[in-house]
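> structure, please.
(one chain, ligands or ions: 1)
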Amino acid sequence: MSEKTKRINISDIRAHKGKPKPLVCLTAYTAPMAARLDAHTDLLLVGDSVGMALYGMDNTLKVDLEMMVRHGQAVMRRADTSCVVIDMPFGTYEESPELAYRNAAHIMRETGCDGVKLEGGVDLAPTIQYLTSRKIPVMGHIGLMPQSVLKEGGYRVKGKTPESEAQLMEDARAIEEAGAFAFVLEGTVDSVSQKITKESGVPVIGIGASAACDGQILVTEDMLGLLDGHTPKFAKQYAQLGDAISEAAAQYKAEVQERSFPSDEYLYHRPKVVSSDKKKA
Ligand code: KIV
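Below is the predicted model of the structure:
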């Protein structure tokens with residue numbers, strides 16, 4: 001999107017379909033991170049990846065609604081111009097459209113965010129339709145769906161076979177028809193991602209998908225090199241902040257142990273008392 005002069009809303013995102021400049025999207029879970037990213041992004045996603053990135057969980061399945069609300073509120077305090085979307089965590093929308101509505105409305109009411117995101121294709125289209133026809137803006141998420149990690153026995157790249165491609169095309173069509181204003185396409189082979197982007201009428205936000213998508217998103221902690229452990233192939237690191245933290249902690253330790261910290265400039269002293277004789281003179 002061009003220079004931002006006002007807060008980007010859902011209509012702006014939807015209207016971005018097919019524009020030459022892709023949408024710039026990142027995850028954010030905290031106020032200071034939102035403040036740093038906001039000037040550079042069109043959309044900030046309070047993703048359920050918070051469970052892994054901030055809480056050290058193995059996957060996203062233990063993330064709950066109140067975590068999403070708290071992190072959503074924090075991001076909303078500092079995201080002045082980016083559109084903010086919040087993930088609906090596992091178990092808060094699959095059971096019925098009514099439950100999904102109650103939880104989506106709770107997230108939106110408590111945070112003031114612009115919309116919610118949920119994972120699922122054809123199977124979740126009736127729920128998306130239920131929400132969008134009741135004033136809840138929904139972003140879809142198809143392809144590799146992290147909340148299905150246990151069901152699928154791992155994180156599996158999609159679109160490798162004609163059957164998988166056909167399923168993805170159906171999923172994309174179904175959630176668009178159900179009213180999703182955009183959708184994330186994750187972990188899907190490039191050629192299929194290009195096809196989906198070409199055929200869909202709403203913005204497709206890629207992560208491990210294709211440079212041809214209408215936008216790109218990454219988990220911020222991944223792209224800053226803040227996480228230890230496995231990094232997915234698609235997560236390019238634009239900085240190595242994890243190394244910077246280790247170096248800073250090591251330097252602090254050395255200075256504390258040799259008593260060179262705190263040096264005088266970091267200490268408080270009593271104000272110098274000027275004697276009354278000196279004052280008269
Ligand atoms: O939870 C998340 O961060 C996401 C992105 C990977 C799209 O869903």
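> strands of the stretch 1-150 of the chain, start to end?
For the stretch 1-150 of the chain, strands defined by DSSP state E, counting those that start in this stretch occupy the ranges 23-27, 43-46, 83-87, 115-119, 138-143.
> hmm, I typed the wrong one, I wanted the stretch 151-281 of the chain.
Under DSSP E, counting those that start in this stretch, the stretch 151-281 of the chain gives strands at 182-186, 204-207, 215-218.
> can I get those strands in a markdown table with mean neighbour count and distance to the ligand?
Bear in mind the C-beta positions are built from the backbone N, C-alpha and C, glycine included. Putting the strands of the stretch 151-281 of the chain into a markdown table (neighbours: other C-beta atoms under 10 Å; distance: least, C-beta to the nearest ligand atom, whole Å) gives the following:
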| stretch | mean neighbour count | distance to the ligand |
| --- | --- | --- |
| strand 182-186 | 28 | 5 |
| strand 204-207 | 29 | 5 |
| strand 215-218 | 22 | 5 |
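> can you redo those as a markdown table with distance to Glu170 and mean pLDDT?
As requested, the strands of the stretch 151-281 of the chain are exported to a markdown table (distance: least, C-beta to C-beta, whole Å; pLDDT from 0 to 100):
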| stretch | distance to Glu170 | mean pLDDT |
| --- | --- | --- |
| strand 182-186 | 13 | 98 |
| strand 204-207 | 15 | 98 |
| strand 215-218 | 22 | 98 |
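> could you pull out the helices for the stretch 1-150 of the chain?
Here the stretch 1-150 of the chain has its helices, by DSSP state H, counting those that start in this stretch, at 10-14, 31-37, 50-53, 65-78, 97-111, 125-132, 149-152.
> these: which one's closest to Ser263?
helix 31-37 (27.0 Å; C-beta to C-beta).
> does the ligand have contacts with the closest one?
No. Using C-beta under 6 Å from any ligand atom, helix 31-37 stays clear of the ligand, with a minimum separation of 12.8 Å.
> for that helix, packing partners?
Counting contacts by 3 or more C-beta pairs under 8 Å, 6 or more residues apart in numbering; DSSP states H and E, helix 31-37 packs against helix 65-78.
> what residues sit buried inside the helix it packs on?
65, 67-69, 71-76, 78 (16 or more other C-beta atoms under 10 Å).
> return the distance of that helix from the chain's centre.
12 Å (C-alpha atoms, centre = their mean, to the nearest Å).
> quick one on the thing from earlier: export the buried residues of helix 65-78 to a markdown table and tack on distance to the ligand and pLDDT?
Converted to a markdown table, these look like this (distance: C-beta to the nearest ligand atom, whole Å; pLDDT from 0 to 100):
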| residue | distance to the ligand | pLDDT |
| --- | --- | --- |
| Leu65 | 14 | 98 |
| Met67 | 12 | 98 |
| Met68 | 10 | 98 |
| Val69 | 15 | 98 |
| His71 | 11 | 98 |
| Gly72 | 13 | 98 |
| Gln73 | 17 | 98 |
| Ala74 | 15 | 98 |
| Val75 | 12 | 98 |
| Met76 | 17 | 98 |
| Arg78 | 18 | 98 |
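> let me have these in JSON lines, adding distance to Ile136 as columns.
Below are the buried residues of helix 65-78 laid out as JSON lines (distance: C-beta to C-beta, whole Å):
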{"residue": "Leu65", "distance to Ile136": "15"}
{"residue": "Met67", "distance to Ile136": "20"}
{"residue": "Met68", "distance to Ile136": "15"}
{"residue": "Val69", "distance to Ile136": "15"}
{"residue": "His71", "distance to Ile136": "19"}
{"residue": "Gly72", "distance to Ile136": "14"}
{"residue": "Gln73", "distance to Ile136": "18"}
{"residue": "Ala74", "distance to Ile136": "21"}
{"residue": "Val75", "distance to Ile136": "18"}
{"residue": "Met76", "distance to Ile136": "17"}
{"residue": "Arg78", "distance to Ile136": "24"}
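> quick one on the thing from earlier: I'd like the strands of the stretch 151-281 of the chain as CSV, with distance to Asp228 appended.
Conversion of those to CSV gives the following (distance: least, C-beta to C-beta, whole Å):
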stretch, distance to Asp228
strand 182-186, 22
strand 204-207, 20
strand 215-218, 17
